[in-house]
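**Q** Just the structure for this:
(one chain, ligands or ions: 1)
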Amino acid sequence: MTVVKERVQVLVIGAGPAGVLAATLLHRAGIGVRVLEKARFPRFSIGESLLPQSMAFLAEAGLLKAVNQAGFQYKEGAAFGHQGRYVDFDFRDKFSPGPGTTFQVKRAQFDKLLADEALKQGVDIRFGQSIEEVDLSVSPARIWARGEDGEPYQLEADFVLDASGFGRVLPRLLDLEIPSGFEPRQGVFTHVVDNASEGFDRDKILISVHPEHKDVWYWLIPFSDGTSSLGVVASQAYFEGRAEQDNEALLKALTFEEPGLAKVLAQASFEQPVNCLKGYSAKVSRLCGPGFALLGNAGEFLDPVFSSGVTIAFKSASLAAQTLVRQFKGETVDWQADFAAPLQAGVDVFRTYVEGWYEGSFQDVIFYPEPQPQVKQMVCSILAGYVWDKGNPFVAESRRRLRALAEICRPG
Ligand code: FAD
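**A** Model prediction:
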């Protein structure tokens, strides 16, 4: 029998980007918040290339200065390569207002930095604490957790924010998971000492497309210490049809099938283990309900191709914190209208372009040799993460605009 120990206003599950940002914003607004995080930091996480839009959220929580000073790799854009063609998008030349540069980060370091800065601000974050059960049928909600000593304990909270990422605590407990609509895909990745060839632009993420299979693509994310994150993404069916026996052989073989990447990485040394993540796309039937909201990957995760994950995680945290602050002030809030709908609107814009990428229509737009400059700025805004800027026609009417533009850009 567990004894109720304490009551908090808001309990946050997980201290990744979504959880720490939400908790910091709430703490700064004077709301009693506790974060319980299963792991000890630093811990590995995938998701290393940030988008400029995310800088605005770090500023909102007073975390930007520390990030700016941490020595992370500066990032000012994205480069795309396919069959010898290279196209650059410089985020500083975008349509939407807001920051035009960002960073590429080893997440072990980045997530620890954010958590340390939040702790310095006075946020209550406890590591090595795993949430196991949540009862939202009562108010306050009851939460069962277990510390590293193995002892279970119970908490009460007026509101629960699930920021557990791929842990997906509430979606599992409340049976909220639904199919994502994307074909199951897989990422195989590692960190390499890149010894990159001369002229390689470290200030941009490089997205390369396989010479024959347009739905097989690679990321190369340079860090400031001479290493890079290298990964390849393809459908699970494609990987299953390959002859290589292990992840390392698979990653090496696929990397050197792409001539541009083979050139950049000709002298690279693979020293770290090669990891694999399968079927990561996730969706839920609802993002909020009585007493809870889902943040970041605990809600919806689309696809890694446009590095949208951390930006969406931050946006969800910012919207949830704003809604909770109003709720604790006694204002009437509508979680669907104030949190879920605006969040979903931007996620759906990303969805349009992710689907377009795999269908090929958005690749035709990206690799089009004579883009109209203002259209390129609008597309650049999407790639920089400004998917909530309704002033951009490619946000406001994403499907119609992409369809029309793809017609113009289709080869031949
Ligand atoms: P997380 O960062 O996953 O944090 C969740 C935290 O919750 C973890 O620390 C975990 O230990 C904790 N937790 C889990 N269960 C429990 C529990 N029961 N109790 C307590 N704590 C718990 N995004 C980008 O922005 N850029 C990229 O370049 C990028 N590349 C990607 C490549 C791949 C192959 C994939 C699959 C994803 C990529 N992403 C990228 C997405 C990115 O990884 C996520 O969107 C991002 O980490 C989500 O942040 P989060 O805070 O929601 O969750």
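
**Q** Could you list the residues of the stretch 301-412 of the chain in contact with the ligand?
**A** Selection of the stretch 301-412 of the chain residues close to the ligand by C-beta under 6 Å from any ligand atom yields 301, 304, 307, 309-311, 313. (Glycine included, C-beta is placed from N, CA and C.)

**Q** can you list those in JSON lines and add secondary structure and pLDDT?
**A** Shown next, in JSON lines, are these (DSSP: H, G, I helix; E, B strand; the rest coil; pLDDT from 0 to 100):
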{"residue": "Phe301", "secondary structure": "strand", "pLDDT": "95"}
{"residue": "Pro304", "secondary structure": "coil", "pLDDT": "96"}
{"residue": "Ser307", "secondary structure": "coil", "pLDDT": "97"}
{"residue": "Gly309", "secondary structure": "helix", "pLDDT": "98"}
{"residue": "Val310", "secondary structure": "helix", "pLDDT": "98"}
{"residue": "Thr311", "secondary structure": "helix", "pLDDT": "98"}
{"residue": "Ala313", "secondary structure": "helix", "pLDDT": "98"}
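
**Q** For the buried ones among these, write the corresponding PyMOL selection.
**A** Listed next is the PyMOL selection for buried residues among these, using 16 or more other C-beta atoms under 10 Å:
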select buried, resi 301+304+307+309+310+311+313
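
**Q** Out of the residues of the stretch 301-412 of the chain next to the ligand, name the two that are farthest from one another.
**A** Spatially, the most separated pair among those is Pro304 and Ala313, at 13.2 Å (C-beta to C-beta).

**Q** And the residue nearest to Asn297 when sequence neighbours are not counted, how close does it get to Leu176?
**A** Excluding the flanking residues, the one nearest Asn297 by C-beta to C-beta, 6 or more residues apart in numbering is Gly165, at 4.3 Å. Distance, Gly165 to Leu176, by C-beta to C-beta, to the nearest Å: 15 Å.

**Q** the more surrounded of those two?
**A** Set Gly165 next to Leu176 and count neighbours by other C-beta atoms under 10 Å: Gly165 wins out with 23 against 20.

**Q** Relative to the ligand, how far out is the more buried one?
**A** 2 Å (C-beta to the nearest ligand atom, to the nearest Å).

**Q** pLDDT wise, what is that residue at?
**A** Looking at Gly165, its pLDDT is 97.

**Q** Dihedrals phi and psi, it?
**A** The phi and psi values for Gly165, taken as degrees, to the nearest 10, are phi 60, psi -140.

**Q** quick one: contacts for it?
**A** Going by C-beta atoms under 8 Å, 6 or more residues apart in numbering, Gly165 touches 14, 16, 18, 45, 296-298.

**Q** Wait, Arg403 touches Ser361, no?
**A** Yes - between Arg403 and Ser361 there is a contact under C-beta atoms under 8 Å: 7.3 Å.

**Q** Same drill for these two, tell me which one is more crowded.
**A** Between Arg403 and Ser361, counted using other C-beta under 10 Å, the more crowded position is Ser361 (19 against 13).

**Q** Now do the more buried one, the pLDDT please.
**A** Per-residue confidence at Ser361 stands at 97 (pLDDT).

**Q** cool, and Val3?
**A** In this model, Val3 carries a pLDDT of 61.

**Q** tell me, what residue is most central in the protein?
**A** The residue lying closest to the centre of the chain (C-alpha atoms, centre = their mean) is Gly309, at 1.4 Å.

**Q** The residue nearest to that residue when sequence neighbours are not counted - how many residues pack around it?
**A** Closest residue in space to Gly309, ignoring its immediate chain neighbours: Gly47 at 4.9 Å, by C-beta to C-beta, 6+ apart. Per other C-beta under 10 Å, the neighbour tally for Gly47 reads 23.

**Q** now that we're looking at Gly47, which residues does it contact?
**A** Contacts here follow C-beta under 8 Å, 6+ apart; on that basis Gly47 touches 107, 304, 307, 309-310.

**Q** Tyr218 now?
**A** Contacts of Tyr218 by C-beta under 8 Å, 6+ apart are 206-210, 230-233, 254-255, 258, 261.

**Q** now with 6 Å?
**A** 208, 232, 261 (C-beta atoms under 6 Å, 6 or more residues apart in numbering).

**Q** any idea which of those residues is the one closest to Gly181?
**A** Nearest to Gly181 among those is Val232, at 22.4 Å by C-beta to C-beta.

**Q** Next, give phi and psi for the closest one.
**A** Backbone geometry at Val232, expressed as degrees, to the nearest 10, gives phi -130, psi 140.

**Q** burial count for it?
**A** Neighbour number of Val232 under other C-beta under 10 Å is 24.

**Q** That one contacts Phe256, doesn't it?
**A** No - the pair Val232 / Phe256 is not scored as a contact, 11.1 Å apart, by C-beta atoms under 6 Å.

**Q** And the strands in the stretch 151-300 of the chain?
**A** Here the stretch 151-300 of the chain has its strands, by DSSP state E, counting those that start in this stretch, at 152-162, 177-178, 185-193, 204-209, 217-222, 227-235, 269-270, 275-278, 283-284, 288-289, 292-294.

**Q** out of those, deepest packed?
**A** Most buried of those by mean neighbour count (mean count of other C-beta atoms under 10 Å) is strand 292-294; its value is a mean of 27.

**Q** Would you tell me whether it gets close to the ligand?
**A** No - Strand 292-294 stays clear of the ligand (C-beta under 6 Å from any ligand atom), getting no nearer than 9.2 Å.
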